[in-house]
Each structure stands twice: as C-alpha cells, then as structure tokens.
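Asks: predicted structure and sequence below. I'll ask about it afterward.
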Amino acid sequence: MGGHFFLPKPSNLSFYNALLQECLESSDLQTGKMLHTNILKSGFLSQIFLTNRLIQLYFKREDSHDARKLFDEMPQRDSFTWNIMIAGYVRSKDIIGARKIFDGYVWRNDISWNTIIRGYVQEGKGSIALNLFNQMIIQGLKPTHFAVSSVLRACAGLSWLKTGKLLHGLIYRFGLEGNVVVCTSLIDMYCKCRELTNACHVFNRMPERNIVSWNAILTGYSQNSLGEDCFRMFIEMLEFGLKPDHITFAVLLSSTAALANLVQGKQLHGFIVKSQFGSDVYVETALIDVYAKCGSVDNARQVFNSMTKQNTVSWSSMVIAYAQNGYGKEAISLFEELLNSGFKPDAITFVGVLMACSHSGLVDEGCRYFDIMQRVHGIEPDKTHYTSLVDLFGRAGYLKEAVELINSMPVKPDAAIWGALLGACRVHRDPELGQLAASKVFELEPQNASAHMLLCHIYSECGNWDDAAKLRAKMKNLGIKKDPGYSWIEVDNVVHRFVADDDSHPWIDEINIALKKLIEQIEHIGYVFYPSSPFNHKIEEGRESYHSEKLAIAFGLISTPTEKTIRIMKNLRVCGDCHNTIKFISQLSGREIIVRDVCRFHHFRSGKCSCGDYW
DNA sequence: TTAGGGTTAG
C-alpha cells in the first residue's frame, strides 16, 4: 500500500479497520498517519479500537513517543489500550515504561500480567518476573500456559532448578500438565539446569509433541555436550515424521561444530543449501562456526561472504574463526571492517579480537582494544575478557604483568583466569609461579584434571621428576583421571579415531612402520626426542607406543595425496614433544598440518606453527 | 474488532 496516496473515502468503521490492519501488517506508517488524520476529521477517533490499532502501528515503527501521545490524548480507553501499551513498551525494550503503564492500570487482567512478566524475563530480570508471578497468584488469578512458560524461562535463565521444580509441581494444580507449550518450557528449563534426565522424563510423557518440543530436547543434548545423542534423537524425530526447521538445523550444526565433524558439517551444509533454510542467519552463523572449529577457515569465509543478511553475531563468528585458526592479522582487520560496517561489536566480539592479539603476540594492540571496549563501546569487561588479557600477557612472556593484572582486576579471578596463567608458566618455564597458579585452580576446582596435568608437565619439563610423580600419586588418591587422549582424522569421508596403545585400526602395522621411519628421518634434520614426561613415550620390548596425534598424522600421510592438508582433532592438549615432532614432519613432508586440540589450533607449515605456544 | 506463549547461531 505504501506509495499510494489516493485513498477512497472510507465511510464506515470496518473499512478503516481493514485499512489500518493492512498498514500494520506492512508496517506502513505513512499511510497509517494519513488514515489517522482522516479518522480525526471524520470523528471516528472516539472509536477506541481504531486508536488502539494506531498505537500498535506507532510501536511497530519504534515510535513509542507518538504512541504515548495518542494514549495520553484518548478520552476513553479500554483493556486493549492498556495492554497494547504494556506490550508496546516491552517490544521497545523499555521495561520501565511498560511497568509504569502496568502500575497505572487498575483493571489489570490476565494478559496484562503475562505481558509484564514476559517483559522482565526478556530483560534478563527473572527474579522480578517470578515475584510478579507470585503476586498474580496471590491476587487470585489462575495462571495460564502464557505466564507459566515465561517463569519457567526465567528459571532456565537463572539456573534456578529448585524454583523450576516447584513450578513443575504447580502445573498439575493449574491443569497444565498436558499443555505442549508448558511441557516444552519445562524441558528447556531442565536442560538449561543440566538435568537432562528430568527433561527426557517430561518429553517422554508428553501427550503431544511438535517440532518446537523436539527442538527443545535436541538443544538440550547439544548444549550438554551430548552431540551423538542429539543426532540419535534427530533420526528418531525424522522417523516420527516431523520435518526439521531452521532451528533444528542451527542446533544440529552447533553439535557438529562441538564434535569438529567436518564430514557431517559438509553433509548438513549440502542439505541446507537445497532446503529453504540456506539464508537463515542463525543457520549460516552456525555453519561458519562448524567450518572454523574444523579448521577450514576458507569455507567459513565463503559462507560469511555469501550471507545476504548479517549481524553482530555473524561478524563475531568470522572474527573468532580467524582468531582460533591462528590468523590474528585477518581477525583484526575484519574487526576493523566491522567497526566501519554499522554493526556494533559486543562483549563476545571483543573476546575474539583479544584472542587474535594473543595469537599474534600483539600485546599493545590487545591493550588498546581492551581500553576502547570500555571507553568507546561502553562494554564492561567480564571474566572472559580478563582471561584473554592474562593469556595475552602470559603468552608473550609478560608473566609479571599477568600476575599484576590478576591482583588488580575488579572481578574475582576464577579457575579459567588462573589456568591461563598456569598455561603461560608452562610455555615460559616458570615452575614457582606455575605452582602458585595451580594451587589457586585447585582451591577453586579441586578435581580439575587439566590443571593437574599442566603442573605435572611443568615439573617434568624442568626435570623435577619427583614432584611430577608425587602429583601423579595425588591425582590417583583424589580419583582425578586424565581422559584418554584420542585424535581423529577424516579420510575419504570416513572419520578414523586413534588412541595410544590401541591396535584396533586395520592399518596399525603400516602406521607404526611409517612413523618409525619418519622419526628416523626427522632426526637427521634436527629433531631430538624430548619427553615432556617419563610417562610420555614408552618403549617396551621393542614395541613403541605413540601419542594418538602421531598415529593419526602418520595415517594421514600414508593414505592421502601429497598435496592434501592433514587435519587432526584432539580431545586433549598436544604435548611438547608431539608439537615439535609435527613441526619437523611438516618441514620434511612439505605438508600443511592443522591440529585442533582442546585449547587451540595449531597450523603447521614448513617447520613452523602458528600458535606460538611452544619453544 | 484490536492485547499475551514454548525451541536457534558466535
């Protein structure tokens, strides 16, 4: 309707109403305003429902000022007027404005309560929402699925399991136990509180399930690091005859990224391109992340370039994709582009930039970004930013500065912050400070296996076998188990998994022979076996035992064409000796080797690695 | 003849 200035003279209310409805649907404020004038002239403004529609239209165009003006000038209002005002302010993210209307409305009904409660949940003020819910019940209103789903979401956001369970008990009193919306919210609440058993219980007992409920349970598996189960459930969903939607794909991709499964990622990508969800910004952003986590930064960039609609999250994903893969300069230059693009960087974007600076050893730039984050962009640094900053200083060898930062930061340092310092102590061989950092981690997380292992490595790398052995014994006493290290490699669309001392791979003999020969060859160009711990590399009765990443790389070398990049994923950190070995292998073979371990990416080319972690 | 709802990406 936009652009058509000729309007027939409306002669009755329903005609005005129909026209206004059309304006609302197309967000056509211009025509709406003309109608407004006409309505005024014809004296129809006394018809409350027409003014209500106009108020809605103003809110839709984010003009709460004119909406308010109209509201103030109304000689008479009805319940719709008040509730439209509350909802309008909630939509404009003005919860205070919404609350003022709500408080001023004496005849609040069920919808007024639901709207304001929802508003607080959306603003992240779940406890206020729960308080209002309580008041609503005290006033004798029986909550419907609208209010109950909102407060369940509040519990999910706050991880308030106890309150969530209380609400679960209450839904029987309200007769909502069979309601699909309430059950879906319950599933989501349990999943976000890491109570998957309860979530499944609710899911299995639902009288009816739709795509939203399935998506909720898939999300639960995905966000609780149960990627395999997520896909198992997805297959089950298909067998039930449900059609996946864009949310399903976003969730599946997120699982795929966590599993670093490039084969699966590509399969999903192909499927998505052919589906109608190929230009959904959530799906595309998840796809960028899949490729980034699989070390395929070029594919990530292709997806990013092909996007028709972008937002801060998609830009941040690409910045992080570069940063994680060791392309610090590219990450920073994309970030600078973002600043000129009209999108606003947020807290996570800055984590990506700081990560990039840390990777490239750009300490001054990192400090500058940290500064402008607060001063220019008004973002208060949280623990993740301080962790990045400690990592930035620590990796660059400024251990003293890192400690000073920890002692002066306004947030209470957590295990991740001390862990970053501990990692830096390993790289720069500072056993005293390492011991201090580790003790802080142990105070906060006594069962933290990776901190124990890091300290153990620090001891052994300094030749302090005694303390290393003592720490091992302590771990055994405390029942702290290091996960078995395994590595994956994909060859011809099949994922091969290797574990040290595991002979089950059909090519294991060829792999061992190739590896032995390879090590002999790299010894000629300067490689020296340097055990990062006496437990690292065993030679028993003439049979060698190699770390899983070495097995995976040897398999990659003998089973793929010489020009092909070898990509390995590892569930733990790559040890110093393996890191060194891979450097030499990349030099000897001329192969590009990408290893993604649990902490970061290592990109080996011609005897060098991008990570800068090891000596 | 107008108002309120559950699941998604970094």
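Replies: It's in.
Asks: neighbours of whichever residue of the stretch 351-500 of chain A sits closest to DNA strand B, how many?
Replies: The stretch 351-500 of chain A approaches DNA strand B most closely through A:Gly352 (7.3 Å), counting by C-beta to the nearest atom of the strand. (Glycine included, C-beta is placed from N, CA and C.) Neighbours of A:Gly352 under the rule other C-beta atoms under 10 Å: 26.
Asks: ok, it - contacts?
Replies: The contact partners of A:Gly352, by C-beta atoms under 8 Å, 6 or more residues apart in numbering, come to A:316, A:319-320, A:323, A:331, A:335.
Asks: check A:Cys191 too.
Replies: By C-beta under 8 Å, 6+ apart, the neighbours of A:Cys191 are A:156, A:199, A:216-217, A:219-220, A:223-224.
Asks: before we move on, back to that, three-state assignment of the residue of the stretch 351-500 of chain A closest to DNA strand B?
Replies: helix (DSSP: H, G, I helix; E, B strand; the rest coil).
Asks: and what of A:Ser487?
Replies: A:Ser487, by the three-state scheme (three-state DSSP), is strand.
Asks: ok, it - how many residues close by?
Replies: Counted with other C-beta under 10 Å, A:Ser487 comes out at 27.
Asks: quick one: A:Ser341 and A:Trp315 touch, right?
Replies: Yes - using C-beta atoms under 8 Å, A:Ser341 is in contact with A:Trp315, at 7.2 Å.
Asks: among these two, which residue is more densely surrounded?
Replies: More neighbours surround A:Trp315 than the other of A:Ser341 and A:Trp315, with 26 against 13 (other C-beta under 10 Å).
Asks: enumerate every residue touching that one.
Replies: So A:Trp315 contacts A:334, A:338, A:341, A:343, A:345, A:349 (C-beta under 8 Å, 6+ apart).
Asks: can I get the buried part of these as one PyMOL selection?
Replies: Selection command for PyMOL covering only the buried members of the contacts of A:Trp315, criterion 16 or more other C-beta atoms under 10 Å:
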select buried, chain A and resi 334+338+343+345+349
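Asks: from the contacts of A:Trp315, which land in strands?
Replies: Using DSSP state E, no member of these falls in strands.
Asks: list just the nearest of the contacts of A:Trp315 to DNA strand B.
Replies: A:Thr349 (4.5 Å).
Asks: and for the closest one, nearest residue in space, chain neighbours not counted?
Replies: A:Ser316 (4.2 Å; C-beta to C-beta, 6 or more residues apart in numbering).
Asks: contacts only, for the one you found.
Replies: A:345-346, A:348-349, A:352.
Asks: can you rerun that using 6 Å?
Replies: A:348-349, A:352 (C-beta atoms under 6 Å, 6 or more residues apart in numbering).
Asks: quick check: the gap between the closest residue to A:Leu13 other than its chain neighbours and A:Ala416.
Replies: Spatially, and ignoring its direct neighbours in sequence, A:Leu13 is nearest to A:Gln47 (5.8 Å; C-beta to C-beta, 6+ apart). The gap separating A:Gln47 from A:Ala416 is 60 Å, by C-beta to C-beta, to the nearest Å.
Asks: in the stretch 401-550 of chain A, which spans are helices?
Replies: For the stretch 401-550 of chain A, helices defined by DSSP state H, counting those that start in this stretch occupy the ranges A:415-427, A:431-444, A:449-461, A:465-478, A:508-524, A:548-559.
Asks: compare these and give me the one nearest A:Asn305.
Replies: helix A:548-559 (28.9 Å; C-beta to C-beta).
Asks: quick check: what element follows the closest one along the chain?
Replies: strand A:566-570 (DSSP states H and E).
Asks: what are the pairing partners of that next one, and which direction each?
Replies: Note on strand A:566-570: by DSSP bridges, its sheet partners are strand A:486-491 (antiparallel), strand A:593-596 (parallel).
Asks: got the contact list for it?
Replies: For strand A:566-570, contacts defined as C-beta under 6 Å, 6+ apart pick out A:260, A:295, A:487-489, A:549, A:552, A:556, A:591, A:593-597.
Asks: can you rerun that using 7 Å?
Replies: A:260, A:294-295, A:485, A:487-490, A:548-549, A:552-553, A:556-557, A:560, A:591, A:593-598 (C-beta atoms under 7 Å, 6 or more residues apart in numbering).
Asks: what subset of those is buried?
Replies: Counted by 16+ other C-beta under 10 Å, those give A:260, A:294-295, A:485, A:487-490, A:548-549, A:552-553, A:556-557, A:560, A:591, A:593-597 as buried.
Asks: in three-state terms, label the closest residue to A:Glu401 other than its chain neighbours for me.
Replies: Nearest residue to A:Glu401 in three dimensions, chain neighbours excluded: A:Phe393, at 4.7 Å (C-beta to C-beta, 6+ apart). At A:Phe393 the chain is in helix, as set by three-state DSSP.
Asks: okay, A:Phe393: pLDDT?
Replies: Per-residue pLDDT puts A:Phe393 at 96.
Asks: do the same with the one 10 residues further on
Replies: In the prediction, the pLDDT value recorded for A:Val403 is 97.
Asks: hang on, the earlier thing: where is pLDDT lowest across the contacts of A:Gly352?
Replies: A:Ala323 (92).
Asks: can you list the buried residues in the helix or strand hosting that residue?
Replies: Assessed by DSSP H and E, A:Ala323 sits inside helix A:312-324. Under the neighbour-count criterion of 16+ other C-beta under 10 Å, helix A:312-324 has A:313-324 buried.
Asks: using JSON lines, lay out the strands paired with strand A:566-570 together with distance to DNA strand B.
Replies: Converted to JSON lines, the strands paired with strand A:566-570 look like this (distance: least, C-beta to the nearest atom of the strand, whole Å):
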{"stretch": "strand A:486-491", "distance to DNA strand B": "19"}
{"stretch": "strand A:593-596", "distance to DNA strand B": "14"}
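Asks: as CSV, those strands with mean pLDDT would be great.
Replies: Putting the strands paired with strand A:566-570 into CSV (pLDDT from 0 to 100) gives the following:
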stretch, mean pLDDT
strand A:486-491, 88
strand A:593-596, 90
